[in-house]
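Trainee: coordinates for the following, if possible.
(4 chains)
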There are 2 protein chains.
Amino acid sequence: MPATPLFRRIDVAPAYQKVADAIEREIINGRIKPGEPIGTEQQLVAQFGVNRSTVREGIRVLEEGGLIRRDSSRRLQACLPRYNKLATRLSRALILHEVTFRELFETSMTLEVASVEGAVERATEENIAELAGNLARSAALVGNPAELAELDAEFHVLMAKASQNRVLQLAREPAAQLFFPTTEMIVGGVREGGARLVEAHRHILDAIRGRDKEAGVLWTRRHLQDWRRGFEKIASLDRSVEHTYMEHAYAARQ
Amino acid sequence: MPATPLFRRIDVAPAYQKVADAIEREIINGRIKPGEPIGTEQQLVAQFGVNRSTVREGIRVLEEGGLIRRDSSRRLQACLPRYNKLATRLSRALILHEVTFRELFETSMTLEVASVEGAVERATEENIAELAGNLARSAALVGNPAELAELDAEFHVLMAKASQNRVLQLAREPAAQLFFPTTEMIVGGVREGGARLVEAHRHILDAIRGRDKEAGVLWTRRHLQDWRRGFEKIASLDRSVEHTYMEHAYAARQ
DNA sequence: TTTATCCGTTTGTCCGACAAAGCTAGATTT
DNA sequence: AAATCTAGCTTTGTCGGACAAACGGATAAA
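Mentor: Purely as a prediction, here's the structure:
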């Protein structure tokens, strides 16, 4: 073997990967815009000159990556990767890495506070209307932990949306997906839990309306501290977000 | 159509999806541990009773999701999803959503501050040694924007690691992947930029060593503000990341 | 206007096949 | 005996062809 290699390593990516890469490039470059059709499998077979099985494997990769999806009639089209879907993967990764609720709590505190600060600064009338709608529905469902937990998660999503910061929206999502599902357990297990939750939301919304950052931050902190107190009554913050929880969330969702 | 639907939508997932789900469940549940083999395609064919093509499509899904990988000899094995891979996809999503550097900056400020706070509280001797090593190398490369930019990114990764909060580590990664590559442009374009960067890192490390949270936060803020000032000299914060970054950084990298 | 029917297209799945690359174990060489 | 080589088996990546089910659209019937 020569001391200095004469040749660069040849790129030998499998064909399905090359198919996926080629389509991905077109989407990233903007040559194919979100919503536009990619073509049928048959057409891709013709264009790439590979077998349909190979094309289909490439498609699966892109589909899982969130770059393409199938519309109502199963035809392929480009799409904007949905935060939510990617966030789900990340949440799973967090579980497998056995993170603790303490880590989850600490990070969520940071991100929710940033979120409310942004919302106070930049929420539009429409954002506020959405939050108000959520609050009204929540108030009507104080006694229903399951529904209330879902509305709580939505409230925080709306708050992030109101911050007009999409990076923040994305950054908070993975933690939120693991964090907020516990709300049901907590609201259900703590006396007056539901009422306190709605009360906090009301104060936060008022702060956003009144552009009062201090109040917004204060009530967001209280809101999360409430969660923490509730959580510590039923579990330890330093236990990992276990498989048991995954099952719980999974089962409940399906 | 009845006002209230009588039936829930029936689950008719395609076979390849069911294959992927089945394997995923085993991994999430911990029945298959990271590093353990999944079996050959032939075995999966036998176990699931479906065709190999179907199995392979399912495998692509899991592979892209980061739950399984192929070892040196291409055999399937479970693995821990790597943050980095997932974060890359998220970064791509951010680009497609045409986020601005303002959003990136604001979120990074939040997350880096949280990161340094955690590091000040919980950094181990090993963490500090790693940071010190990074600082020493940086100091030796003040005049080299490309190298320094890479070391800067690493410094912040190490800082997040020192916070002992894996959720935070993950949450900051997508933004960081888009944010820090611009450092090269900035350090190269601003007089004394490299020196200021190393100086800031030094103060941050000192603060972590001395468990001085206030100083840590202060210098982290300054460090990022420096970035911002530098950035505004060469581009607008409100332009999308795609337009600015794709042109500059991509061209430079290739 | 709605319902039913037919037909071409597309997807999901299956079968069988083969070359290339990796592993295994016996045969060969040193 | 140890190292090396070789041949065979296994596994993956790819291919071609096939077919049922679902969908879209057009047309006929009520």
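
Trainee: what's the closest non-adjacent residue to residue A:102?
Mentor: In this structure, residue A:102 finds its nearest non-sequential neighbour in residue A:237, 4.2 Å apart by CB to CB, 6 or more residues apart in numbering or on different chains. In short, each C-beta sits where N, CA and C put it, glycine included.

Trainee: mind checking how far residue A:86 is from DNA strand C?
Mentor: 21 Å (CB to the nearest atom of the strand, to the nearest Å).

Trainee: got the phi/psi numbers for residue A:31?
Mentor: phi -70, psi -30 (degrees, to the nearest 10).

Trainee: in this structure residue A:106 contacts residue B:165, no?
Mentor: Yes - using CB atoms under 8 Å, residue A:106 makes contact with residue B:165 at a distance of 5.9 Å.

Trainee: one step back: doesn't residue A:106 make contact with the residue nearest to residue A:102?
Mentor: No - assessed by CB under 8 Å, residue A:237 is found out of contact with residue A:106, at 9.5 Å.

Trainee: and the two? Which one has more around it.
Mentor: A count of neighbours by other CB atoms under 10 Å in any protein chain shown puts residue A:106 above the other of residue A:237 and residue A:106, at 23 against 14.

Trainee: against DNA strand C, how distant is that one?
Mentor: Taken as CB to the nearest atom of the strand, the span from residue A:106 to DNA strand C is 42 Å.

Trainee: may I ask which helix or strand encompasses that residue?
Mentor: Following DSSP states H and E, one finds residue A:106 within helix A:101-122.

Trainee: helix or strand right after that helix?
Mentor: Note on helix A:101-122: by DSSP H and E, the next helix or strand toward the C-terminus is helix A:125-140.

Trainee: tell me the predicted confidence for residue A:121.
Mentor: Note on residue A:121: pLDDT of 97.

Trainee: if we can go back for a sec, for residue B:197, see how far away the residue nearest to residue A:102 is.
Mentor: Going from residue A:237 to residue B:197 by CB to CB, to the nearest Å gives 36 Å.

Trainee: how about stretch A:120-136 as PDB, C-alpha atoms only?
Mentor: Output in PDB follows, covering the C-alpha atoms of stretch A:120-136 (Å, rounded to 0.1, in the frame of the first residue of the first chain):
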ATOM      1  CA  VAL A 120     -45.800  39.900  25.900                       C
ATOM      2  CA  GLU A 121     -43.600  41.900  23.400                       C
ATOM      3  CA  ARG A 122     -45.100  40.700  20.200                       C
ATOM      4  CA  ALA A 123     -48.400  38.900  20.500                       C
ATOM      5  CA  THR A 124     -50.900  40.000  17.800                       C
ATOM      6  CA  GLU A 125     -54.600  40.400  18.300                       C
ATOM      7  CA  GLU A 126     -55.100  37.100  16.700                       C
ATOM      8  CA  ASN A 127     -52.700  35.400  19.000                       C
ATOM      9  CA  ILE A 128     -54.500  36.900  22.000                       C
ATOM     10  CA  ALA A 129     -57.800  35.800  20.600                       C
ATOM     11  CA  GLU A 130     -56.600  32.300  20.300                       C
ATOM     12  CA  LEU A 131     -55.300  32.300  23.800                       C
ATOM     13  CA  ALA A 132     -58.600  33.800  25.100                       C
ATOM     14  CA  GLY A 133     -60.500  31.100  23.300                       C
ATOM     15  CA  ASN A 134     -58.300  28.400  24.900                       C
ATOM     16  CA  LEU A 135     -58.800  30.000  28.300                       C
ATOM     17  CA  ALA A 136     -62.600  30.100  27.900                       C
END
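
Trainee: name the residues of it that are buried.
Mentor: Applying a neighbour-count criterion of 16 or more other CB atoms under 10 Å in any protein chain shown, the buried positions in stretch A:120-136 are A:120, A:121, A:123, A:127, A:128, A:130, A:131, A:134, A:135.

Trainee: who are the neighbours in contact with the fifth one?
Mentor: For residue A:128, the set of contacting residues under the criterion of CB atoms under 8 Å, 6 or more residues apart in numbering or on different chains consists of A:162, A:205, A:208, A:209.

Trainee: which one of those residues is nearest residue B:31?
Mentor: Distances from residue B:31 to the contacts of residue A:128, taken as CB to CB, are shortest for residue A:162 (42.1 Å).

Trainee: what are the buried residues along the helix holding residue A:106?
Mentor: The neighbour-count check on helix A:101-122 (16+ other CB under 10 Å) flags A:101-121 as buried.

Trainee: stretch A:62-73 too?
Mentor: Within stretch A:62-73, the residues scored as buried using 16+ other CB under 10 Å are A:62, A:63, A:64, A:65, A:66, A:67, A:68, A:69.
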